[in-house]
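Asks: fold the following for me, if possible:
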Amino acid sequence: MMDKRVLIIGGGPAGIEAAYSLALQGVKLVLIEEKADVCGHIQNWDKLFPDFQDAEQIRQTLYRKLDHPNIEVITNTEIKNLYPKGKSWFAKKDADKIFEADAALLATGFEVFDAKRKEELGYGIYDNVITSVDFEKMYKSGKILTSEGKVPERIAFLNCVGSRDEKVGNHYCSRVCCINAVKQAIEFKELVPDSKAYCFYMDMRMAGQFYEELYRKSQEEYGVTYIRGRISEAAVTMDNRIQIKAEDTLSALPMKMTLDLLVLMVGIESSAGTTLLSEQNDVLGLYGFAKPLGLYSEDNMTSKPGLFLAGTCKRPLTLPETLADARSAAIDIVKYLKTTT
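Replies: Residues are numbered from 1 along each chain as shown. Predicted coordinates for the structure are as follows:
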């Protein structure tokens, strides 16, 4: 395998894990990341669900894997074109920067839904409406504060912002938002034990290992209140608090609530790079994600020989699922390289 070379586009967890797995098999590869640093969205997180693992420890583990001598890392490089020619794959940044390899792996990840597209919720309009990403940055600093610098007494987390929403065109579930809301509600209650924390949901999708247990713990030990219903509108009060209108769909009654902070649990969308490079190679699937050849034994393969997929460029996945998927992609790539000359 020492004479084989692979291009990996995307330096998030999927790209790094696949790169390391391939490097251990003697494959030389180039990992190309468009941003200044690798590790993707995990850089924005302090703790990970459902076990509150320190995200920095995971980041450092991934960084160390890139020290393998078979891995070359190139950052600040956005690939604008990916195409096959003969038996090789080429990735092109511009006329003077072209990479060539025997196979290519798309690990271009995801983007977070832009909450400004849901104007009725007030993100970008009202100071005390934030996203789950904003909340995580605050939590990393050790303080959750309103725009006035006050500790919130009442906070609400709204699930499914940008997911399962016909108005924005995303009918799918983003998989991570429900459990992330549970995690962040617990984190807030640990920082501010005397506060009130509410979670608005359509239904709580606790399908992962330890998810249901954490959901129950948030209620039994931390007193988080769950309200089945969606917030229809957010408005600002005279004292810059947030008043929301919603419906409790269990009781079929409308409700109003005044909050110090509203947190929008934003979902997962395909990245611009995923959509661009997938469309170029006729592997564009639903919602701009890349389309695998099949969902079972061919989930890391595409209709184009030598082009493979890993991680959330295909669909929303949790971090453990992403890492496992990357290792699976590496296995398929090695099989492919052994059958080509």
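
Asks: where does pLDDT dip in the stretch 51-200 of the chain?
Replies: 95 (pLDDT under 70).

Asks: and the strands in it?
Replies: For the stretch 51-200 of the chain, strands defined by DSSP state E, counting those that start in this stretch occupy the ranges 53-54, 71-74, 81-85, 88-94, 97-101, 103-106, 110-112, 129-131, 154-161, 196-201.

Asks: of these, which is nearest residue 250?
Replies: strand 196-201 (10.9 Å; CB to CB). Bear in mind the C-beta positions are built from the backbone N, C-alpha and C, glycine included.

Asks: sorry, back to before: and the strands of the stretch 51-200 of the chain, which is most packed in?
Replies: Greatest average neighbour count among the strands of the stretch 51-200 of the chain goes to strand 103-106 (a mean of 29), per mean count of other CB atoms under 10 Å.

Asks: quick one on the thing from earlier: can you redo the strands of the stretch 51-200 of the chain as JSON lines with distance to residue 147?
Replies: Listed next are the strands of the stretch 51-200 of the chain as JSON lines, based on distance: least, CB to CB, whole Å:
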{"stretch": "strand 53-54", "distance to residue 147": "28"}
{"stretch": "strand 71-74", "distance to residue 147": "39"}
{"stretch": "strand 81-85", "distance to residue 147": "43"}
{"stretch": "strand 88-94", "distance to residue 147": "40"}
{"stretch": "strand 97-101", "distance to residue 147": "43"}
{"stretch": "strand 103-106", "distance to residue 147": "39"}
{"stretch": "strand 110-112", "distance to residue 147": "21"}
{"stretch": "strand 129-131", "distance to residue 147": "9"}
{"stretch": "strand 154-161", "distance to residue 147": "13"}
{"stretch": "strand 196-201", "distance to residue 147": "19"}
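
Asks: figure out which of these is closest to residue 240.
Replies: strand 129-131 (11.0 Å).

Asks: and the closest one, what does it pack against?
Replies: With contacts taken as 3 or more CB pairs under 8 Å, 6 or more residues apart in numbering; DSSP states H and E, strand 129-131 sits against strand 261-266.

Asks: note down every partner strand of the helix or strand that the strand it packs on is followed by and its orientation.
Replies: Later in the chain than strand 261-266, the nearest helix or strand by DSSP states H and E is strand 268-270. The strands that strand 268-270 pairs with in its sheet are strand 110-112 (antiparallel) (by DSSP bridges).

Asks: chain center to the partner strand, what's the gap?
Replies: Once both centres are worked out by CA atoms, centre = their mean, to the nearest Å, strand 110-112 turns out to sit 6 Å from its chain's centre.

Asks: figure out which of the strands of the stretch 51-200 of the chain is closest to residue 327.
Replies: For those, the distance to residue 327 is smallest for strand 103-106, at 12.1 Å, taking CB to CB.

Asks: can you tell me the strand partners of that closest one and which way each runs?
Replies: By DSSP bridges, strand 103-106 pairs with strand 5-9 (parallel), strand 307-309 (parallel).

Asks: of all the strands of the stretch 51-200 of the chain, which one is nearest residue 259?
Replies: Using CB to CB, the strands of the stretch 51-200 of the chain put strand 154-161 closest to residue 259, at 4.9 Å.

Asks: ok, for residue 177, nearest residue in space, not its chain neighbours?
Replies: Nearest residue to residue 177 in three dimensions, chain neighbours excluded: residue 265, at 4.2 Å (CB to CB, 6 or more residues apart in numbering).

Asks: list the buried residues in stretch 181-198.
Replies: 181-189, 192, 195-198 (16 or more other CB atoms under 10 Å).

Asks: need the residues you listed in JSON lines (columns: distance to residue 146).
Replies: Converted to JSON lines, the buried residues of stretch 181-198 look like this (distance: CB to CB, whole Å):
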{"residue": "181", "distance to residue 146": "19"}
{"residue": "182", "distance to residue 146": "22"}
{"residue": "183", "distance to residue 146": "21"}
{"residue": "184", "distance to residue 146": "16"}
{"residue": "185", "distance to residue 146": "17"}
{"residue": "186", "distance to residue 146": "20"}
{"residue": "187", "distance to residue 146": "17"}
{"residue": "188", "distance to residue 146": "13"}
{"residue": "189", "distance to residue 146": "17"}
{"residue": "192", "distance to residue 146": "12"}
{"residue": "195", "distance to residue 146": "12"}
{"residue": "196", "distance to residue 146": "14"}
{"residue": "197", "distance to residue 146": "15"}
{"residue": "198", "distance to residue 146": "16"}
